[in-house]
Every structure is written in structure tokens, then in C-alpha cells.
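Visitor: curious how this folds, go ahead:
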Amino acid sequence: MPNQFSAGTFSTGNVKAILGPTNTGKTHYAVERILAHRSGMIGLPLRLLAREVYQRLVDRVGTGAVALITGEERITPKGARYWVATVEAMPTDLVVECVAVDEIQTATHFDRGHIFTDRILNARGTQETLLLGAATMAPIIAALLPNAEIIMRPRFSELTYAGSKKITRQPSRSAIVAFSSNEVYAIAELIRRQRGGAAVVMGALSPRTRNAQVELYENGEVDFLVATDAIGMGLNLDIKHVAFAADMKFDGKQMRPLTPAEFSQIAGRAGRHKRDGTFGVTGGAEGFSPELVEQLESHQFDAVKMLQWRNTALDFSSFRALQRSLDKRSTHNKLTNVPVAKDQLGLEFLMRHPDIGPKSGKVLTQLAWECASIPDYRNISPAQHGEIIATIFANLAQSDTINEDWIAEQVRFCDNANGEIDTLSNRIKQIRTWTFVANRKNWLKDPTYWREKTKEIENSLSDALHKRLMQRFIDRRTSVLMRHLRDKQMTAPEVSQSGEVSLEGQAIGSIEGFRFTLSSQDGGETKNLRSAASVAIAPEIKKRAEKVTDSPNDEFVLTADGLIRWRGEVIAELSPGDDILTPRLVVLADESLTGPDLGSVQDRLDLWLRHAINTQLEQLIALKNPTDLDGTARGVAFRLSESLGVIPRTEIADDVKSLDQDVRGAMRKMGIKFGAYHIYLPLSLKPAPREIALILWALQNGGVRQPGVRELPQIILSGRTSIDVDPDVAKELYEIAGFKVTGNRAVRVDILERLADLIRPLIAFDPKRNQDMPPEGAADGNGFRVTVEMTSLLGCAGEEFSTVLESLGYKVTRTPVEPTAVEPTSNDNEKPADAAADADQETAGVENAEPAVEAANNNDGPAPTVAAETDEKATADTEPPAEPQFDEVWHPAPRRNNKQFQGKKRDQNRNQNAQGKGQKAGKPNNKAAQHQKRNSKPAPKSKPIDPDSPFAALAALKK
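Guide: Below you'll find the predicted structure:
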């Protein structure tokens, strides 16, 4: 069978060049001429357009008479007489009566131009050849094909410049053009919010997705089309206006401005058949110059002077021979050699491959060229694409077919219709590669299966992508309303999904939750605007009410300001109820939400609020009416519930003392902790319960807007054990938040109890009764010294820590530390403190049943004087410190309700102070000494000292 594409096979006398601007009916003319012959073929620039023309022919002559061949699709009935193909996929061994090549001006394209040039020079029908394209191709066609008949066709309608308008003010039935997917998505998103939605058309979309998007536009579901320059390639759409949102594009190598001819190809899509169209700019694009406007309106552009060309007479004797034939230079002054194309880059990769480059022979060279011609649909790096074609070549060279497991793994990776727009788009690009491979002859053991499989996956991904595009860029409710209003010739507000309400492009207000706010208007149209807006708002309010009623609990949030938010929107607020644990909930809605819908929302939110409080404060609610407690214990539990889980022990000290151990054990099982300073529920101190407790307390005490209600939950969540006290925050708020205010420092309740646990054994330690090594921090006379463990626990030290201890009732004795050795003073006459306290027994020891101060307050004798520690090994020549040093020993303060003890302590303090003054002045205070002697008890008889003990050695030193 002769090759009609070989130069000189047929004369040029039957070649017709049908040239002209857009909307001249060139493609329609070619289809009619092909059908006038017994056989024919048309090559088109896009797979999308090939699919469209294929369907038109099928509608005319049936599926059995029409074949479709593209890189990724092959439909070839046995009786096919008419062939539709992309220009690259046009069969080179097929003889038909009529051949047509569309959009021949693509011959100037750097990547694909050489293929179009080859078809212009060599594609011929036995009776008629049609070359379709822009009028700018006329001079070069005349130069290359002097015998060709050039037929110029005028545009059916006029095209005029309409200037610049905002994207949201574009007229209906407009196409807005950008040159990147990000720009297209951003514009479509804006149109969705303001005008109801837009269809999206890009060259990267599969034909199935593109057709579905175009159908949305064509049937009126949306009034706007956002597209790339893909619409400039022969797509016939009902477009009245084309607006350019950009005037620069990336051509595969660099960003460059569009040429006037490219502007014309896109702008010419405005207007259909006899209906006039307009074009303009929008977004950030600059207005067109008068010269450019004149060119676009008159369709007069500079003629094409050069076409891209590459030698088609290839030498396959070896890799090097093939490369030299590809690099052969053109001898015609209208043809220029194409830059290195992607297939040549693929071939060079194979030549450099260590396992492939050394191979030779015509068969392997032809195979390598076929593999190198696999398109890089994903636009990945040449090296990545090269690895794919190298794997395919190795499979085919070794076993004549591609490994089934390998191709199955590649295809399986694409077989996933989940994901967002970009993810699905990338999978479609990948599956196109394997669809192309499946459509190559004899590359697979079962090509029919793989063609069907890859097509099935592409269709599934295309449908999923179409669905995601609709979900993201089309507001169904608004678009349906717009179509209804257009059909009824009515004027009504437009409501975007973001809540902005507009009337004929004029913003009239906003909606949040169930409330509509009308923006201020000039003149007397406010009432009409509100009435018109209510018609549009009512369905949305009802829909929101239904969604709120059906929403799961995790879509509702109670914020620190007492507001209930649903999916971020305020829909209700809390107000004080009958008691602190049962607040009222008020739905924030205007007259648009009434009747059963309002009742349903109220019931759903009440149910959620009860669930939230019961979940977070379950222990507290159980204490309101405990079935296992009665009498005083029941009262303590109820007060603890009213105090939201934390109550100072001093407030209910007498009640707590009256509880026996069995009752306390029952209360512990309910989660109650008896601490030295607080009675509390440890589990209720977690961040979530504390936050809701703060809100509930604030509702009953000054409102949720008071200082601290918003800030304290963040502090609780940070895990800090103590914080500075803010004077603007109510002290009670700190208690509700789980902190005890101690001077200018607030300490977490549970941390304060742990501090008491550290101090209690230190002040209870008696060296005369316990011969073990004293614990760190223990001091004589029921005192203690501050340890690192204590300061680390509270996260503060120095004056801040001292303030905490003073606030808790501890007093400090500061004794100078002398640099010289001081003989130890016998404390034989001092009476040890009684460590007994009213405390509950815990599993690990004694729980904080009474404040730590009680441990020492039960001491009947005077507090001992703390002696300074001395270093017996210090040398006489040690230099004194730069500043005085003190030994600070803390003691529990006396109990205020023990008058006898307080009197003794006051006498003791007076005696110590007077004694100190007398020592300094050399005058002993005999009166104070006598008073102390009258109030002191006889010292107990001392026991004999063990001669082997350290005390015996110390006594010897004194003698």
C-alpha cells in the first residue's frame, strides 16, 4: 500500500488551504467535504477536539463507519471509512480520498510544529486535501505549495473590544482566560462565591472531564467558563464575551507575552455564527493598546514567516545514524530546524544508558525510537521519563512484550479515585502514559485487556475529577436560583456560599449562622432589598437548620465567650440558668428561622449542651445528689458540686473533721481528694473540664466577658504549675481554674498539695526519736529549709517562692552564717514538736487531711530557736563572704483558733526578740526570761548518752 505522506506521491493540484479567523466555519466545511467522499481522514490538534469531531461523524454515518485514533485511544471498526485522529496519530499507511489537517498554524510551535509541517508538506488525499488554519499562513503556504488553492473565509460575526471589568462584574455567558491552573482555580473560586459558580476547561483535563464541564456551561447551570488557551483550538461554545485575566504564558521554556495572533485565536471564541461577540481584560491584566485592539477587531496580523521542520527520512541502521538523520538541516528558507524535541531527548537518554547504548542494529534502533516517542504527559524531568522508556525498551528487547507484573503495578497505582483536584489530575496524566503504551501494537501480551483497563481507570478518574470541580467551583443552590431568575425575568438577591448576599452584583448584606444583616443602603430601597433578600435567604436558613439538626456533636464548639459555633459560625449563646450546672441556651436567629425548624435547632443544641456538660463534669453532677452519702458528707459533696470541684478546706474544716474514715473512704471512691488546703476532684482539674467550669461560673458571676475567662484556659493547657496573679482577674476565677492565689503568685491546687506532702515529713522529723539521717531540708525545732525539689515543683524560686510560703502561713527565721566554727548548742531542754495531725490515710502514706500548719500547731511547748549550721573543718584564715549569708528556716505559723498556743507563741517571740536585743546591747531581758519560765513546762529528764554515739563525742569536745 503506497504511503500518501511521502513527498511527491501525489501532486499538489488538489490541495486547498481554507484560511481565515475564528468563527468562519472551517472545521464544519472540512467535515462536510470529507463526508462528500467515500473515505476520508481529518487530523486535529487536540484529543479533545478529535473526540468532538468523531462524535459528529458518528451522529451522521454511525459508529461502524468511523474510526478514532489518538495516542491514548483507538477505536477502529472493520468497516471504517472515515478516520478522525490527532495530527501526531494520523496513520501514515492509509489511503483515503479526502484528507484534512486542522489548525495548521500550529506548525510554528517549538515542540509539535515539525509534525504539522510534515502533514502540510506530505499529507494528501487521492482526490482532495484540505489545510485549515489562520489567515496568517497564506504567504508561507503559497511559498511551500505554489500550486495550492488558497481560499479565504470571512468571519460570520463582528468582534469588538469591551474594555476592562472586574471579574465579578463580567457579563453572563463569559469565558475568563488565564494561563496556569492556579490562576484558573483562583478565578473559578471567586466566581463561585460571587456569582454562583463556573465551569473549568483546561488542556490537561481528559476529554470526559472537559465535556462534562462544558455541558454544565452549555445547559445553563453556570453562566461562566474559566479556561486556559485550550478553548482557542476549535472548541465551539456559546460564548458572548472573552475576558483575559493575564497576557503572559509559559510556552514550555519561558514566560512570554502572547502574540496578537494568539490573542485573536482565543478572543475569536466570543460570538457564535451570526451573533457578535466582545473581548476585554479583567483581573490584573493591563488594558489592550489601540493598535492591538485594531488588529483583533480587523483580524489583520503579521504573516507567518517560518515553520518548524525536522527530517522525516530517518536512518535506522544504528543509534548514531538515527541521531544524524534527525539533526539533518533544512535546505528551504521557510523551514527552520526544530529545537531538540522531547523524543530526541529520550533517544539520547537511551544512547547514554550503559545497558542500551552499546546495542545496535536496525530493529533495536527502530524500537528505541518508538519508545523514545512515548509522550511525557506528566512533564516530569527528562531523567525520570528516560527511566520509564528505558524499562519499556529493555522489556521489549528481551522478550518482545512488556512485563505484565510491571505494567500492572504502574496501572494499579493510578487506580484510585480518591483525592482532591490536583491529585486526580496527576493520576490522569499518569494513566495517559499507560493508555498510550496499551494502544501500541504488540507491546503487550493482552493489549485489548490493558486498553479496556486503562480506559476504565481514566473514565473513573475523569468522573471523580468532574465531581471535585463541581464541588469546589459551583454553588448548586445559587446557580439554580440564578437560572430560575433568568428564565422568569425576575430580579432577586444572589447568595454566595461564603455568606455574601448580592443583588445584580451589588452586595446587600451577609449571613452568619441563622442571622442575616442588611448592609446600609442609600435612598429608600432598604425595605425592598430586605424583602428580596428574604426570598433568597429563607431556603438557605432552612437548609442550615436541617444540617444543624443532623450534625454530629464534634461539629459544635463552646467558646470561652459563651458562644456556640457550628462549623465556625455563631448560632447560639449561653445565659444563666436555674443553677450553675444548668445554663440556658439561646438560638441566635432572625425571623427567617421560625416554627418547627427553630424548635428542632433548639432541641438539638440543648441535647448537645447537656451532653457536653455531663461528659466534662460528670463527677461534679454526681455530687449534686449522691445516693451513697448522707448527713454532713452529703452536704460537703453538694457544696463541692456548687463550687465546681474545688473548695478551700478552711471553708468546711469543721464539717471535714466530723467525717470518720469510713465516710471519707466512700467519698474518695467518688473521686474526692482531701488535701491540706483544698477539698477537690483531681479529674476535674483537666483543661477541658476547667474551661467549661470557668464559663459556667462566669455566667453566674459577672459574665463571660470579664478578664481571665478567655486567658486562663490557655494557661491551664500550657501545663504551668504556677503563674503571676493578674490584679484585673477575680480571685475566685483562679480558684475555679484550679489555682490557689498565694500572694502575688497563683499555684495549681494539686501542685500545692504536693508541696504540702514535701514539707510535712520535714517539720515532723525529730532527730531525738529518729536516729536515721535527716531528710534533705529538715531543720531543728519542727522547721524546714527550701529545697530544689520544692522550687522546681512550683516553677519559681527566691522571693516568689517565699511569697507562696508566707501566704500559706509559714514564718521564716533568718540566722547569719558565721565564717568561723561555732560550738554546737545542746537542745536537750527543747521539746520535740508533736507531728500528729488530722489527715486521711492514703495507700502511700498520710494524705493531706489537715493543713500542714496543724502538724506543728499541736505542739504544747514553745518553738525552739534555730541554731546556725557551722562547718567544724573551716580554717581560721577563710575570707568572709562579700555579702552576709543567712540560714533560712521556715516554721509553721500558730493556729489562730488556739488562744492558749497563740499566747505561748507571742511570749516566746517577745522573749526571743528581747533576748536578741539584750545580746546586742549587752543587757539581758530578765522580765521576758521570767515570763517564759512561768509559762514553760519542766524539761524532761535527759537519758544517758551512749558513749559510742556522736553526741558523746560532741559532749567531750564541749568539756
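
Visitor: so Asn463 touches Gln213, yeah?
Guide: I think there's a mix-up here, since residue 463 is Asp and not Asn. No. Using C-beta atoms under 8 Å, Asp463 is not in contact with Gln213, being 11.8 Å away. Backbone N, C-alpha and C define where each C-beta goes, glycine included.

Visitor: same drill for these two, tell me which one is more crowded.
Guide: Each of Asp463 and Gln213 has its neighbours counted (other C-beta atoms under 10 Å); Gln213 has more, 26 against 16.

Visitor: so what's the backbone phi/psi at that one?
Guide: phi -70, psi -40 (degrees, to the nearest 10).

Visitor: apart from its chain neighbours, what residue comes closest to it?
Guide: Ala199 (4.3 Å; C-beta to C-beta, 6 or more residues apart in numbering).

Visitor: so who does the residue positioned nearest the centre of the chain touch?
Guide: With the centre of the chain defined as its mean C-alpha position, the nearest residue by C-alpha atoms, centre = their mean is Glu420, 13.3 Å away. The contact partners of Glu420, by C-beta atoms under 8 Å, 6 or more residues apart in numbering, come to Arg468.

Visitor: distance check, it against Leu258.
Guide: For Glu420, the distance to Leu258 equals 30 Å [C-beta to C-beta, to the nearest Å].

Visitor: how about Val741?
Guide: When distance is defined by C-beta to C-beta, Val741 is 71 Å away from Leu258.

Visitor: comparing those two, which residue is more hemmed in?
Guide: The neighbour count for Val741 versus Leu258, taken as other C-beta under 10 Å, is higher for Leu258 (20 against 17).

Visitor: per-residue confidence at the more buried one?
Guide: Model confidence at Leu258, given as pLDDT, is 89.

Visitor: what's the answer for Asn911, then?
Guide: 47.

Visitor: mean confidence score for stretch 394-410?
Guide: Across stretch 394-410, the per-residue pLDDT values average to 92.

Visitor: could you do stretch 434-442 as well?
Guide: 88.

Visitor: now stretch 704-718
Guide: Per-residue scores along stretch 704-718 average to 86.

Visitor: end to end on that stretch, go ahead and measure it.
Guide: From its first residue to its last, stretch 704-718 covers 21 Å (C-alpha to C-alpha, to the nearest Å).

Visitor: need the contact partners of that stretch.
Guide: 560-562, 574, 687, 690-691, 694-695, 698, 723, 726, 728-730, 733-734, 737-738.

Visitor: shaky segments in this structure?
Guide: 1-13, 234-235, 475-495, 497, 501-508, 518-536, 819-883, 895-959 (pLDDT under 70).

Visitor: number of residues surrounding the residue nearest to Gln213?
Guide: Ala199, neighbours per other C-beta under 10 Å, totals 28.

Visitor: and it, what does it touch?
Guide: 213-214, 216-217, 222, 224-226, 469, 473-474.

Visitor: next up, phi/psi of it, please.
Guide: Dihedral angles (degrees, to the nearest 10) for Ala199: phi -90, psi 150.

Visitor: run through the bridge partners of it.
Guide: Following DSSP bridges, Ala199 is listed with bridge partners Leu225.

Visitor: hang on, the earlier thing: using TSV, lay out the contacts of Ala199 together with distance to Val587.
Guide: Below are these laid out as TSV (distance: C-beta to C-beta, whole Å):
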residue	distance to Val587
Gln213	40
Val214	44
Leu216	37
Tyr217	40
Val222	34
Phe224	37
Leu225	41
Val226	39
Leu469	36
Phe473	32
Ile474	30
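
Visitor: among these, which one lies nearest to Glu789?
Guide: Phe473 (61.9 Å; C-beta to C-beta).
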